[in-house]
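Undergrad: below is the sequence, then the predicted model.
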Amino acid sequence: MLTQPTTRVLEPRELDAARAVLDRDPVTNAFVAARVRAAGLDPWRLGGEMWGWYADGRLESLCYAGANLVPVEAGPEAVHAFADRARRSGRRCSSIVGPADSTALLWSLLEPSWGPAREVRRRQPLMVTSALPSGVRPDPLVRRVRKDEMDVIMPACVSMFTEEVGVSPLAGDGGLLYQARVAELVGSGRAFARIENGRVVFKAEIGAATALACQIQGVWVDPEYRGRGLSETGMAAVLRYALADVAPVASLYVNDFNAAARAAYRRVGFRETGTFMSVLF
C-alpha cells in the first residue's frame with residue numbers, strides 16, 4: 001500500500017539509512033556526512049536536528065538543521081517539505097548552504113518569511129581532486145599547527161573568516177564557539193600553516209572528513225605575501241597530507257567571483273564538478 005510522503009526528525013536507530021543517503025554523493029555531502037560520522041543522529045551531539053523526507057516509507061532525502069541549514073539529496077518535492085518545516089520552526093541558522101539547485105529553491109520558498117539575507121552567493125563552484133599536482137612542489141614549510149600555537153593561528157583565522165564572510169567571528173559570544181572550532185581542528189591535526197617568525201603567512205584546514213572524502217576550507221595567505229604563489233605551494237602541501245592521511249578525494253568550494261583563487265586551485269589539480277550556493281544571514 002502506497003503512503004504519502006512525510007517529513008520528520010530522524011531517530012538514532014535510522015543511522016544506517018541516513019548514511020546510505022549521504023553515501024550517494026560522498027563529496028557533495030561531505031560536511032553533513034562528517035558530522036553524522038562523528039556524532040550520530042542525536043540532536044545534542046549533532047548540534048542540530050536531521051530532518052528526513054520519506055517516500056513510500058523509504059528515507060530519500062535529508063536536511064541538516066543546525067547552525068547551517070543544509071539540504072541533502074533533495075529534489076523539488078523534498079525541498080518544499082523541508083521549507084514548510086523550516087518556516088514553521090523559524091530561522092535558527094546563520095546560513096543556508098548546499099547544492100545550488102536545491103538551495104536556490106529552498107531559499108525562494110523561505111525568503112518571504114526569513115528574508116532579507118545579508119548576502120546571497122548563488123554560484124560557488126565545487127572543485128575536486130584525487131591526486132597530487134605534477135607541476136607544483138608542495139611547500140616544505142607548511143606543517144600541522146601545534147596545540148601550543150593557538151595564539152599564533154587565531155588572528156589569521158579571524159582575518160580569513162572576516163574577509164570571506166564579511167563579519168567577524170568574534171561578534172556575539174566573543175568568539176568562544178569559533179575558537180572552540182579552531183581548537184578542535186588543531187587538536188585533530190587538521191589545521192595546517194606556514195609560520196615565519198611567529199607570523200602565519202599561509203593557512204588552511206581540512207574541515208570535514210570521512211573515509212570517502214574530505215573538504216578543505218579556510219585557505220588564506222597574509223596580504224603582504226600574496227602574489228608569490230604561496231596559495232598553490234601551500235595547497236599542494238595540504239593535499240599531500242589530506243590524500244595520504246584522511247581520504248582518497250579532496251574538495252573545496254569557492255566563490256565564482258574569486259577568479260584568482262579558482263585559477264590557483266586549477267593549477268594544483270582541482271577541477272570543477274558542481275556548484276554550491278550560500279545564503280548568509
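TA: That came through, no problem. Residues are numbered from 1 along each chain as shown.

Undergrad: straight-line length of stretch 44-62, end to end?
TA: 18 Å (C-alpha to C-alpha, to the nearest Å).

Undergrad: and the contacts of it?
TA: 2-3, 5-10, 14, 17-18, 20-22, 32, 35-36, 39-41, 43, 63-67, 71-75, 77-78, 81-82, 85 (C-beta atoms under 8 Å, 6 or more residues apart in numbering). The C-beta positions use only the backbone N, C-alpha and C, and glycine is treated the same way.

Undergrad: of those, buried ones?
TA: 7, 10, 14, 17-18, 21-22, 32, 35-36, 41, 43, 63-66, 71-74, 78, 81-82, 85 (16 or more other C-beta atoms under 10 Å).

Undergrad: which of the contacts of stretch 44-62 fall within helices?
TA: Within these, membership in helices is found for 17-18, 20-22, 32, 35-36, 39, 43, 77-78, 81-82, 85, as judged by DSSP state H.

Undergrad: list just the nearest of those to V201.
TA: R35 (30.9 Å; C-beta to C-beta).

Undergrad: so the closest one sits against A65, correct?
TA: No - using C-beta atoms under 8 Å, R35 is not in contact with A65, being 11.7 Å away.

Undergrad: thinking again about what came up before, what is the nearest of the ones in helices among the contacts of stretch 44-62 to D139?
TA: R35 (30.1 Å).

Undergrad: can you give me the pLDDT of the residue nearest to the closest one when sequence neighbours are not counted?
TA: Excluding its sequence neighbours, the residue lying closest to R35 (C-beta to C-beta, 6 or more residues apart in numbering) is L46, at 6.1 Å. Per-residue pLDDT puts L46 at 95.

Undergrad: tally of neighbours for L46?
TA: 20 (other C-beta atoms under 10 Å).

Undergrad: cool, R122 as well?
TA: Count around R122 with other C-beta under 10 Å applied: 14.

Undergrad: could I get the full set of helices for the stretch 151-281 of the chain?
TA: According to DSSP state H, counting those that start in this stretch, the stretch 151-281 of the chain carries its helices in the segments 176-187, 230-245, 259-267.
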